[in-house]
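Asks: Can you look at this prediction? I've put the sequence above it.
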Amino acid sequence: MSRDPRFDILFEPVKIGPVTARNRFYQVPHCSGMGYRYPNAEAQLRGMKAEGGWAVVSTQEAEIHPTSDLTPANEARLWDERDLPALCAVTERIHHHGSLAAVQLVHNGLHVANRFSRMIPLAPSHAVGDGLDPVQARAMDKSDISDMRRWYRNAALRAKKAGFDIIYVYAGHDMSILQHFLSRRHNDRTDEYGGSFENRLRLFREILEDTREVIGDSCALAVRLAVDELIGPSGITSEGEGKDIIAALAELPDLWDVNLSDWSNDSQTARFSEEGYQEPYIRFVKSVTTKPVVGVGRYTSPDSMARAVRQGILDFIGAARPSIADPYLPKKIEEGRIDDIRECIGCNICASGDNTNVPMRCTQNPTIGEEWRKGWHPEIITSSPAPEPALIIGGGPAGLEAARALAQRGVDVLLAEGGKEWGGRVARECRLPGLATWGRVRDWRVGQLSARANAELYLHSALSADDILQYGIPHVAIATGSKWRCDGVGRTHRQPLAFLEAGNLLSPDVLLDAGASAVAAGGPVVVFDDDSYYLGSVLAELLARAGRTVIFVTPEAQVSPWSKNTLEQARVQKRLIELGVEIICAMALADRTKDRLELSCIYSGRRRQIDCDTLVPVTARLPDETLWLDLKAREADWADAGIQSVVRLGDCLAPGTIAAAVYSGHDYARTYQEQIDRDSPPFLREDIGALYAGPVKRE
Ligand code: ADP
Ligand code: SF4
């Protein structure tokens with residue numbers, strides 16, 4: 001296959017000051033959760049992006065000084081020379097594949113609590129931080145400003161020494177001291193660093209000039225700037241100071257990387273935004289600078305990418321998530337393999353890794369984060385040495401991924417799905433409001449499987465233990481998924497609640513199958529959400545949009561609290577409020593009659609009654625393990641039938657995220673027919689001491 005000439009424009013080289021990017025694919029700085037604690041993993045992850053064709057590959061933000069300490073988050077660090085080996089490993093992997101390495105220097109100002117370093121956070125003016133730590137940042141005086149400039153210079157020198165080609169000065173996401181100085185709401189200084197626009201810009205300008213001076217003419221200087229904070233006139237706006245900043249500094253850097261602030265605005269999920277959602281805010285930038293411009297917006301379609309370049313909105317297609325879901329995206333476009341692109345679904349499970357202080361994971365790409373410790377390549381799996389056939393039962397994310405990866409390894413695979421469509425939970429959930437892109441989890445896998453001669457796919461094939469014994473296929477994987485419980489058991493109620501049966505009780509599965517029509521119009525429907533991720537709120541949204549009166553009850557303090565980790569919580573709550581859903585927090589279930597539900601306060605036990613015609617408990621799931629138990633009961637017959645192994649995958653083993661189900665299917669395929677050592681960690685562990693040149697003795 002060869003490249004579609006419509007996409008030639010994406011493969012033009014572009015100069016960034018003294019360096020040249022080989023194409024227009026640019027992996028912007030993004031957190032990986034690997035940072036300074038997992039340097040080998042970080043190096044391998046970034047190297048994989050370069051191998052996949054991204055002309056520029058950036059690290060995550062690199063803290064320049066211990067007064068910028070995001071612990072327990074795990075970012076890059078440039079505190080002193082001891083950080084260099086870890087970052088040299090990163091640049092080496094990126095250069096090995098012919099790409100440019102970029103680093104984003106940051107001092108996090110009032111965004112950090114310095115939990116590890118215990119140093120006092122710094123800010124333009126006295127301020128509380130933006131977390132809940134009982135810590136305040138202190139106003140910087142002139143000597144602090146001169147320290148800050150020196151720290152930036154030192155960090156830039158170290159970054160250059162580590163081999164980076166592009167050095168970023170960062171003023172984005174409300175996470176950088178430079179943005180704090182720029183911002184009227186954070187900066188109420190009365191000296192030459194506060195007040196007027198020029199004064200608030202001063203430190204940013206000085207640090208840009210300092211950085212240029214120390215990095216010389218072999219490295220490029222980039223700026224990452226929030227052009228709009230989406231908070232109106234109290235913040236930076238793309239029509240106001242966002243534009244003024246770029247106009248004032250237009251030709252100073254070699255590249256402008258522009259986006260929205262804060263992170264939840266920059267990395268909006270597909271539930272709340274379409275591909276290219278930042279264009280309205282960033283399209284002005286090229287009119288005020290001649291320097292190349294990079295922007296993001298979850299671009300996964302080469303048509304949209306080529307359009308954004310042709311329309312003069314962007315010079316580089318910036319990506320974090322699309323490069324995570326498919327590190328090989330540029331190569332696939334280059335080789336005309338558009339159908340092979342594993343498109344990001346915009347779910348932000350990747351962000352949840354960083355937000356929970358662990359290496360990232362991805363719903364679409366189970367290999368991300370496993371490049372080093374498990375040696376997983378996103379595109380290549382070694383062929384199975386002596387492959388014996390496999391039978392996979394269940395065509396959800398786990399079964400589809402197991403079948404796909406096994407077929408790629410040369411195993412003859414038979415995939416049987418009891419239902420009338422592929423995708424399992426993904427097929428049902430992608431019909432819910434805002435979740436259409438989730439269908440890509442199914443579509444990509446079905447597409448890949450359909451192209452394999454060694455994969456046979458059967459719908460309408462609910463298999464029994466008898467069937468499986470009769471087939472006698474040597475290796476069997478059961479991926480039959482899970483069902484939502486209807487007995488109220490979850491985090492809050494650990495024992496079944498018999499009283500729930502006193503009125504209409506509807507399983508989330510019924511709503512997932514039949515849609516809102518499963519609930520008769522009339523009295524209120526109560527969604528009791530003790531799951532705390534997305535489903536409770538999406539079902540409430542589905543019902544509210546269908547004109548039902550919806551009451552959302554949760555024992556938590558807010559709607560869908562776990563979706564903070566996917567940067568969605570505030571948008572979820574806002575949406576339910578706007579749809580007229582009544583939200584009742586901090587309440588458990590206490591009793592029920594046909595049309596009333598009694599709630600009890602989780603703190604005081606105080607009771608309250610509400611009208612309830614139908615109750616939808618979204619609490620927990622149970623594995624659908626009937627088939628597994630039937631087969632297990634006949635284990636004595638397995639050998640005679642020619643069956644050597646039977647395992648459970650995905651939700652059927654333990655209900656979890658879609659990402660976990662895909663990972664489970666992939667892991668099965670990777671370790672197929674291998675003896676698994678259950679006593680040792682199934683991955684390499686970092687030898688941090690070696691990379692940091694060993695322990696330091698205190699005299
Ligand atoms: P996971 O997330 O683990 O992949 P899902 O619930 O998404 O789980 O998918 C499980 C799939 O298994 C569903 O599509 C369901 O129809 C199918 N399934 C369940 N039992 C059987 C069976 N006995 N034979 C074939 N398919 C089954
Ligand atoms: Fe995209 Fe979701 Fe993967 Fe993140 S986790 S890259 S949002 S598919």
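Replies: In hand now; what should we look at? Numbers count the residues shown, from 1 in each chain. Ligands and ions are numbered 1, 2, ... in the order given.
Asks: Tell me who's in contact with the residue of the stretch 51-200 of the chain found nearest ligand 2.
Replies: Using Cβ to the nearest ligand atom, the closest approach of the stretch 51-200 of the chain to ligand 2 is made by residue 52 at 13.6 Å. Using the backbone N, CA and C atoms, a C-beta is placed for each residue, glycine as well. By Cβ atoms under 8 Å, 6 or more residues apart in numbering, the contact set of residue 52 is 323, 326, 327, 328, 329, 330, 331, 378, 379.
Asks: Look up phi and psi at the closest residue to residue 241 other than its chain neighbours.
Replies: Using Cβ to Cβ, 6 or more residues apart in numbering and skipping residues adjacent in sequence, the residue nearest residue 241 is residue 197, 6.5 Å away. Backbone torsions of residue 197, given as degrees, to the nearest 10, read phi -60, psi -50.
Asks: tally of neighbours for residue 197?
Replies: 14 (other Cβ atoms under 10 Å).
Asks: same question, residue 445
Replies: Neighbours around residue 445, by other Cβ under 10 Å: 27.
Asks: How about the residues of the stretch 551-699 of the chain by ligand 1?
Replies: Within the stretch 551-699 of the chain, the positions lying close to ligand 1 (Cβ under 6 Å from any ligand atom) are 624, 627, 650, 651, 652, 661.
Asks: Now the residue nearest the centre of the chain: which helix or strand?
Replies: Closest to where the C-alpha atoms of the chain average out (Cα atoms, centre = their mean) is residue 350, at 2.1 Å. In this assignment (DSSP states H and E), residue 350 forms part of helix 349-355.
Asks: Ok, residue 214 next?
Replies: helix 197-215.
Asks: For that helix, list the C-alpha coordinates in PDB.
Replies: Extracted in PDB, the C-alpha atoms of helix 197-215 (Å, rounded to 0.1, in the frame of the first residue of the first chain):
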ATOM      1  CA  PHE A 197       0.100  43.500  31.000                       C
ATOM      2  CA  GLU A 198       3.700  44.300  30.200                       C
ATOM      3  CA  ASN A 199       4.700  43.900  33.800                       C
ATOM      4  CA  ARG A 200       2.900  40.600  34.200                       C
ATOM      5  CA  LEU A 201       4.600  39.400  31.000                       C
ATOM      6  CA  ARG A 202       8.100  40.500  32.300                       C
ATOM      7  CA  LEU A 203       9.200  37.300  34.000                       C
ATOM      8  CA  PHE A 204       8.000  35.200  31.000                       C
ATOM      9  CA  ARG A 205       9.900  37.300  28.600                       C
ATOM     10  CA  GLU A 206      13.100  37.400  30.800                       C
ATOM     11  CA  ILE A 207      13.100  33.600  31.100                       C
ATOM     12  CA  LEU A 208      12.600  33.100  27.400                       C
ATOM     13  CA  GLU A 209      15.500  35.400  26.700                       C
ATOM     14  CA  ASP A 210      17.700  33.700  29.400                       C
ATOM     15  CA  THR A 211      16.800  30.300  28.000                       C
ATOM     16  CA  ARG A 212      17.700  31.400  24.500                       C
ATOM     17  CA  GLU A 213      21.000  32.700  25.700                       C
ATOM     18  CA  VAL A 214      22.000  29.600  27.500                       C
ATOM     19  CA  ILE A 215      20.900  27.000  25.000                       C
END
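Asks: from the middle of its chain, how far away would it be?
Replies: 32 Å (Cα atoms, centre = their mean, to the nearest Å).
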